[in-house]
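[1] no sequence for this one, just the structure:
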C-alpha cells in the first residue's frame, strides 16, 4: 500500500514547482473569469455559464476559453 506524501516529505525543488504551477493555474482562472465577466455575451462562443464552468477545470479550462471561447473581431 502506497504511503501518502506530505508537504514536509517533498524536496524544496518539488515544493517550488507545486507552488509555481498552482499560481499559474490561479492566475489563468482569475483572468478567464474576469474576461468572461467583462466581455459581452455576443462576443463569446457559447454561453457565459458554460465557459465559467469549463474554466474551473485546472489549467486546461482557462486555456480552452482563451483559445476557443472568445470570438475574434473581424477586420472588415
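    Structure's in. What do you need? Because the structure is predicted, anything quoted here is derived from the model rather than measured. Numbering: from 1, shown residues only.
[2] Please determine how far residue 35 is located from residue 3.
    Residue 35 sits at a distance of 42 Å from residue 3 (criterion: CB to CB, to the nearest Å). (C-beta placed from N, C-alpha, C; glycine too.)
[3] And these two? Which one has more around it.
    Legend: neighbour count by other CB atoms under 10 Å for residue 35 and residue 3, higher for residue 35 (17 against 6).
[4] For whatever helix or strand the more buried one lives in, the averaged confidence score.
    Per DSSP states H and E: residue 35 is located in helix 12-38. The average pLDDT within helix 12-38 is 97.
[5] Just list what that helix packs against, helices and strands only.
    The helices and strands touching helix 12-38, judged by 3 or more CB pairs under 8 Å, 6 or more residues apart in numbering; DSSP states H and E, are helix 48-54, helix 60-64.
[6] As CSV, these with mean neighbour count would be great.
    Written out in CSV, the entries for the helices and strands packed on helix 12-38 read as follows (neighbours: other CB atoms under 10 Å):
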stretch, mean neighbour count
helix 48-54, 15
helix 60-64, 18
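[7] among those helices, which is nearest residue 31?
    Smallest distance to residue 31 across the helices and strands packed on helix 12-38 (CB to CB): 6.8 Å, for helix 60-64.
[8] Alright, that wraps it up for me.
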